[in-house]
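Peer 1: Got a predicted model here, sequence first, then my questions.
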Amino acid sequence: MSIQSFEPAMIYAILPEILIIVLAGFVLVFDAIWKPEIKRGLGWMTAGGLLLVMVVTLLFSRPPAEGQLVFGGMIHNDWMSFGFILLFIFAAAITTLFSMDMKGVGQKGEFYVLMLVSTVGMCLMASSADIIMLYLAIETTSIPMYILAGFMTHDDKSTESGFKYLLFGATASTIMLYGFSLLYGFTGHTNIYQIAVSINDPQFPPVAIIGCLLLILVGFGFKISMFPFHFWAPDVYEGAPTPIAGFLSTASKAAGFVVLLRVLVTVFTPSAAPEWNNMLAVIAVLTMTIGNVLALVQKNIKRLLAFSSIAHAGYILIGVVALSQLGITSVVFYLIAYLITNLAAFGIVMTFSLVVGSDEISAYSGLSRRKPWLALAMLVAFLSLAGMPPLAGFMAKFIVFAAAVKVDMVWLAFIGVLNSIVGLYYYLTVLKHVYLFRSDDESKPLDISRPYSIALTILVLGIILVGTLFGPWFNISTTIAASLF
Amino acid sequence: MQFPILSVIVLTPIVAGMLILLIPSDRKTEVRVVALAAAIIALFLSGWVYFNYNISAGGYQFFERYDWLPQLGISYFVGVDGMNAPLVLLTGVVMFTGVLISWGIDDRPREFFAFLFILASGVFGVFVAQDLFMLFFFYEIAVFPMYLLISIWGWIKTREYAAMKLTLYLFIGSVVSLVGGLAMYFKSGLNTFDMIQLSHANFPESFQIFWFPFVFFGFAVLGGIFPFHNWSPDGHVAAPTAVSMFHAGVLMKLGAFAALRVGIMLLPLGAEYWRWLILILALINIVYGAFIAMVQTDFKYVIGFSSVSHMGLVMFGFATLNKEGLTGSGMQMFSHGVMTALFFAVVGMIYDRAHTREISELGGFSKKMPWVAIAFIIGGLVSMGMPGLSGFVAEFPIFMGVWQVKPIFAIIASISIVITASYIIRIIGRVFFGPMAEEFDHHVGDVTVLDKVALVVLCVIMITIGVFPSIMSGLVSSGVDRILSLFGGA
Amino acid sequence: MDFVTNNILTLILFSPTLVALVILFLPKGEKKLIKWVALLGSLIPFVFTLLLWFSFKKDTPGFQFETQSLWYAAIGSSFHLGVDGLSLTMVLLTTLLTPIVILASFNINERVKPYMILFLLLETGMLGVFLSLDLLIFFVFWEIGLVPMYFLINQWGSEKGERELWGGRKVSARSYASFKFIIYTMAGSLGLLLAIQMIGVAFGTFDLTQLFTLFPNATELANIPFNLSLEAVKSIAFWAFVIAFAIKIPVWPFHTWLPDAHTEAPTAGSMILAGVMLKLGAYGLLRLVLPLYPQQAHQYAGALAFLAVMGIIFGALAAYGQDDFKRLVAYSSVNHMGFVVLGIAAAAYAAGTENALLALNGAVLQMFNHGLSAAGMFFLVGVIYERTHTRNLNDFGGLFTLIPVYGAFLIFTSMASLGLPGLNGFVSEFLVVRGSWPIFSFATALSMIGLFFTGAYILKGIKKVLHGPTNEHWVGHITEINFRELVVISPLVLLMLFTGVWPAWILGLINSAMQMLFKG
């Protein structure tokens, strides 16, 4: 990979990040100017601005087919970064719409700014090609998230969640940084492509490779909540403001996966391929199983969704383990499908708890009679999580399992399949409450504000669309995956 | 381009379901009317396809093919042949009569019909699918609405348990087959899910022998094969009437048909290797199912277990792998589908009025609902395999097929005929004749016109096929010929 | 007219069903209308049968008026009808008895519509057995006949009476009788079903005309079950067929369903059950067993003859011991049908000889005759039951003075049943005895004991009812036989006399048929 020195055209590569920072600036300014009553409008501004950024990015920031290293090797501008940047911006916009009516959250400009900054970090994560850049990006993503998790200062649970997240996150990053430093020490480079060249030299001691890999995996593993670095997830998701939990579980996790893919595929393949492959397979199995099994006993829906997210990380890891072209494609597709599904799920939880004030699963009884459309949206989201056609989740699981079977890891596919069955059980249990059980509150109205409706509708339609007409989405995923090789 | 009739059949229910959801929930009559209209359209079209299939030309007809995901070789590919055309018609019939029977559902009919129609679309899709992915796709679509339909509108005592058990069982079965399907896809090297091409893929024998049980039994779970039949009686009983009709009448055929289409047709060597196991398990279904039905005290459980027994006959016929057996199975799927839809409809009519299904508490219903009594008697005769009705013309070739393979099995299976006769006659005698209990006398009334229409339709079909079996046998035979050609003319 | 001649068998077979269909749409309140439509409708097949009778050429071998159409080509079965002398006799009996039986049912007032529909469907079932030339169609109609009979006994049978089952549960006598009837017969026909399946598999066709040539010439079977020899397979199939038919006839010891079924059935039901349905079994033996399995029939003829004789003797003894008049008549059927079976057994043993021919003639004529006399006897029992509401012989006594016309008819019919020379029963029984004496002397001799007791029970019956001191109870409470009942019994009585005096009208046909079928 040749490292090009600065050229003005390179700006296009980081155009999205720049625009988002500009938007953040606007928000800060208007936050200072506007009166508290109309501060909700900041949400509209953020969302609208993000939409604009998406459009601009689509038009101007298309990467070249083979990808290029820009900015002195810091950024690798390829389809993977492009695709995921768009995805993160989309997720941020949706989350903004969800957060707008949340008390103590939606009226505060800082909230939107922190989200935007975190989004910038994620975009950089997707495109980093240098371990220092990578670390910076990860921190840029995480630190605002620590604050956002603990944003509701009057709520003990939120504070606890923020703090826990901070501690876990900081520890994980530190260990990861150590891994990075060792890598630099061994190879003398910070650019991952150059590191790859050095590592692939047969004389490079394998112990060193494995050692670095393990340390780095701690940080990445934390981000994607894989076993054994998943412990923070349930508590953090439960305590954090629900839209943030949604954002965390989807965009942040996706960013972690992108980084994982990039580093694993570029740096540690083929030198340590068999080792990390087997290790990750075992971790995938454990992650899935623990996530699904523990979800069975949850009574709080946010915790249930947290464990479900852990389980899904496990499914995605199957795709990572499969590694081939199809494998990476499956990971990307799964992330897209999962993102829209999980955001929808958390969005519904958000809406519901605003009115009812509870996150207990039993509180959802009778929802189908109270607000049939919301219940229907929940049905769609949860069935997609379970992997039922004609929804996005089915196709996602299908391709992941197909990838596993293709590389003759049929046992892995089987375990994934069995886990899906367990998953189906607890998703159906939630739906049972919604559709079957009755409650006294059935006839009370449940108002949903405009931003919610818009966001939820987009997501639900998206889930169905990706589930039925999955051709174009699969093509995009393939292109993205191809750019990694 | 010819009219895409199969796609219209597949999509009509789900589109109607979406439309129904848009109707305000208090407009119950409009909901029902839309549902009925959709059912009539589907029935009419499926009948049209059935009667316009060109038997002499054979093969798959009414083709439609659109690329869905070319990179993975997934296409939306539909067609009918002799085996699935009757089943498509069956689904249309059951859908139509099911809507008529469900006219009285008063608790959220909108959601009920919407979910029922999603189920119907899934079923139609599986029957006409020629692409393996598409088959799985629609198969799963047909599974999850059952959960909601049973758990919300079902029998309050067992509905939650039965619904969950059913859904999990079926889901497990289908995903196990799914993995098998993926294995086939990759092994063939053809990079396509097109089943017609896959059937010529010539998988190595060891591959076929290994994967056949996964694929076959994964689907046969839905067909109710022993020992995976456990979900069926509870599911039948807990479900509301129209759902039971669908469940026993169509859904179980879905499993058997998929087992045939994917298991037997794509892995013929595996089928030959494993046929003895299937024969034995099916035999257990037939005899054991009949015995258990005989000792039940709840009317609906009797019929539920009788379904297990009759589906055993279908798979019995499959395992013979010869012309008579497979023809019989094809006809039995249709005949039993109609018969069991009628049975469950009758049970529902009685339960709605008497609020009990205990045989010992019922009695004398023929005075109050004579049409129902006659319909049930006709259905009962079909169940016994009485000549002159569709049950006989379906069961007879199956037995002929088994004679060619293992005569002693035919003899053992025939015991079930006598057992079935005895419990059917017993039930008819107790439930419809004899004295009626005091408390029923006053508030049990006759069934509605719509109910009668449904009953008449079902009875006429069973009698017609019984008297003129050639209406169906020619068609089914042509489909069977295709299947046998995959076995190298075995 | 051509249409009629070309399709006469189909017309005969399905006209009852069409009439039933018409009745279905009549309002159920119009009982009189329904009854008359049924009666007149049932005359239609009779008229067609007469047409057939006079167009039939008795000296032409093989089946006449054959029709064959598509039915179930996938398994080699077609809808094949045809008639020869044997089946024509039976068809005549059936279409003759049905209108009579329907007229006899004019006193039924409950649920007339389903009653009539069931009877007409039953007629189609019986005719189908006699007319079919395809094994599968034979079986279809065989089974079809069971269901209407079940309902007729179960729903319109005798109201009084209870039976106790295992575990002390009591059911009405008619439920018990009907259930036993249908399950017993179906179980028996199970073997028949399996054997037919086997034949279909082995020969690829169910067509009787083809099977008659293929079967005896088969040297090996395509699919031999259990690797048995061809002979073993044929033996098993033989017994399967025989048991099914034996239950129907009924042959002792498979007769135990009969007394209950006949006794509890409504009068018309008993008439047709004894009159025609029992003959289905005998017809099966003649049409299927003897032609298809000559060696096995020969081999086991002795056993069959033995059972026949047991039936004759025990049937008569049992009849003699009865107090229930109807049950007495029921057992008499066992007794009379025993002669039929004896004749067939003799013919089986000595196939092709002159004696065998005589025995066969006797057997077939006995089938026809017993049809008439049994129907007549059951009817007369029904007549008296309707007036007195009891069937107990001890309740009667000296009724001849009160109802002399009825008494005359009862005596006449009883004499025909007993086998008095000059009446039809004598001719057939004589032929059977004459034919089987050289073949099965010992058995025939034993059957004479039975014949002796036949006289005993008939006379006992007549004596208890008609003779002796008049039972005061009935004076002024019993009415003479009425016009309708006269119309019912007269044709039967006339035929009994006519056949007794000039049996050639039907015997000629039977003889030609038997010669052509079983010539040596």
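Peer 2: That came through, no problem.

Peer 1: I'd like to know how many residues surround A:Lys35.
Peer 2: 6 (other CB atoms under 10 Å in any protein chain shown). (Each C-beta comes from the backbone N, C-alpha and C, glycine too.)

Peer 1: what ranges do the helices span in the stretch 351-485 of chain A?
Peer 2: Per DSSP state H, counting those that start in this stretch, the stretch 351-485 of chain A carries helices over the ranges A:367-370, A:372-386, A:392-406, A:410-435, A:450-468, A:471-482.

Peer 1: any bit of the longest one sitting next to chain B?
Peer 2: Meaning helix A:410-435. Yes. Applying CB under 8 Å from any CB of the partner chain, one finds helix A:410-435 touching chain B at A:410, A:413-414, A:417-418, A:420-421, A:424-425, A:428, A:431-432, A:435.

Peer 1: List the buried residues in that helix.
Peer 2: Within helix A:410-435, the residues scored as buried using 16 or more other CB atoms under 10 Å in any protein chain shown are A:410, A:412-435.

Peer 1: what about the residue in the stretch 251-400 of chain A that chain C sits nearest to, distance to B:Val126?
Peer 2: Chain C sits closest to A:Pro389 of the stretch 251-400 of chain A, with a gap of 36.7 Å, by CB to the nearest CB. Per CB to CB, to the nearest Å, A:Pro389 is found 11 Å from B:Val126.

Peer 1: Just list what the worst-scoring helix or strand of chain A on mean pLDDT packs against, helices and strands only.
Peer 2: Using mean pLDDT, DSSP states H and E, strand A:68-70 stands out as the lowest-scoring helix or strand of chain A, at a mean of 75. Helices and strands touching strand A:68-70, as assessed by 3 or more CB pairs under 8 Å, 6 or more residues apart in numbering or on different chains; DSSP states H and E, comprise strand A:75-77.

Peer 1: returning to that earlier point: buried residues in the least confident helix or strand of chain A?
Peer 2: Buried residues in strand A:68-70 (16+ other CB under 10 Å): A:Gln68, A:Leu69, A:Val70.

Peer 1: Quick check: of these, which lies closest to chain B?
Peer 2: Closest to chain B, out of all of these and judged by CB to the nearest CB, is A:Gln68, at 25.8 Å.

Peer 1: Mind pulling up the pLDDT for the nearest residue to the closest one once chain neighbours are set aside?
Peer 2: Spatially, and ignoring its direct neighbours in sequence, A:Gln68 is nearest to A:Asn77 (5.5 Å; CB to CB, 6 or more residues apart in numbering or on different chains). A:Asn77 is assigned a pLDDT of 81 by the prediction.

Peer 1: Contacts only, for A:Asn77.
Peer 2: A:Met10, A:Ala13, A:Pro63, A:Pro64, A:Gly67, A:Gln68, A:Leu69, A:Val70, A:Ser127 (CB atoms under 8 Å, 6 or more residues apart in numbering or on different chains).

Peer 1: Please report how far the nearest residue to the fifth one once chain neighbours are set aside lies from chain B.
Peer 2: This means A:Gly67. Excluding its sequence neighbours, the residue lying closest to A:Gly67 (CB to CB, 6+ apart) is A:Asp78, at 2.8 Å. Computed as CB to the nearest CB, to the nearest Å, the A:Asp78 to chain B distance reads 20 Å.

Peer 1: thinking again about what came up before, could you dump the residues of helix A:410-435 next to chain B into a markdown table with distance to C:Val37 added?
Peer 2: Formatted as a markdown table, the residues of helix A:410-435 next to chain B follow (distance: CB to CB, whole Å):
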| residue | distance to C:Val37 |
| --- | --- |
| A:Val410 | 72 |
| A:Ala413 | 71 |
| A:Phe414 | 69 |
| A:Val417 | 66 |
| A:Leu418 | 68 |
| A:Ser420 | 66 |
| A:Ile421 | 64 |
| A:Leu424 | 62 |
| A:Tyr425 | 64 |
| A:Leu428 | 60 |
| A:Leu431 | 60 |
| A:Lys432 | 59 |
| A:Tyr435 | 56 |
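
Peer 1: B:Ile398 against B:Gln332, yeah?
Peer 2: Yes. Judged on CB atoms under 8 Å, B:Ile398 makes contact with B:Gln332 at a distance of 6.3 Å.

Peer 1: where do the contact lists of these two overlap?
Peer 2: B:Leu313, B:Gly317.

Peer 1: low-confidence ranges in chain B?
Peer 2: B:1-2, B:488-490 (pLDDT under 70).

Peer 1: Kindly recompute the last result at 80.
Peer 2: For chain B, the stretches with pLDDT under 80 are B:1-3, B:25-26, B:56-59, B:189-191, B:201, B:434-435, B:437-445, B:488-490.

Peer 1: Residue most distant from the centroid, it?
Peer 2: Here chain B reaches farthest from its C-alpha mean at B:Glu438, the gap being 37.6 Å by CA atoms, centre = their mean.

Peer 1: what sits against the residue of the stretch 351-490 of chain B found nearest chain A?
Peer 2: Closest to chain A within the stretch 351-490 of chain B is B:Tyr351: 20.2 Å, counting by CB to the nearest CB. Contacts for B:Tyr351 (CB under 8 Å, 6+ apart) come out as B:Thr241, B:Phe299, B:Lys300, B:Arg357.

Peer 1: Just give me the closest of those residues to C:Gly128.
Peer 2: Nearest to C:Gly128 among the contacts of B:Tyr351, counting by CB to CB, is B:Phe299 at 33.6 Å.

Peer 1: did I read that right, C:Ser447 in a helix?
Peer 2: Yes. Judged by DSSP: H, G, I helix; E, B strand; the rest coil, C:Ser447 forms part of a helix.

Peer 1: My read is that it contacts C:Met310, right?
Peer 2: No. Taking contacts as CB under 8 Å, C:Ser447 lies outside contact range of C:Met310: 9.7 Å.

Peer 1: what sits in contact with each of these two?
Peer 2: C:Gly338.

Peer 1: okay, those two: which has more neighbours?
Peer 2: Ranked by neighbour count (other CB under 10 Å), C:Ser447 and C:Met310 place C:Ser447 first, with 29 against 20.

Peer 1: Distance of the more buried one relative to chain A?
Peer 2: Taken as CB to the nearest CB, the span from C:Ser447 to chain A is 74 Å.

Peer 1: Do a quick rundown of the helices in the stretch 101-250 of chain B.
Peer 2: Using DSSP H, counting those that start in this stretch, helices in the stretch 101-250 of chain B cover B:109-128, B:132-153, B:159-188, B:195-198, B:205-223, B:231-238, B:241-246.

Peer 1: how many neighbours does B:Lys367 have?
Peer 2: What B:Lys367 shows, counting by other CB under 10 Å, is a neighbour count of 15.

Peer 1: ignore the last one, C:Gly508
Peer 2: 13.

Peer 1: Three-state assignment for it, please.
Peer 2: From three-state DSSP, the assignment for C:Gly508 is helix.

Peer 1: Check which element follows the helix or strand hosting B:Gly401 along the chain.
Peer 2: Per DSSP states H and E, B:Gly401 falls inside helix B:390-405. Next helix or strand after helix B:390-405 toward the C-terminus (DSSP H and E): helix B:407-427.

Peer 1: That next one and chain C, any residue contact?
Peer 2: Yes. Residues of helix B:407-427 are located near chain C by CB under 8 Å from any CB, namely B:Pro407, B:Ile408, B:Ala410, B:Ile411, B:Ser414, B:Ile417, B:Val418, B:Ala421, B:Ser422, B:Ile425.
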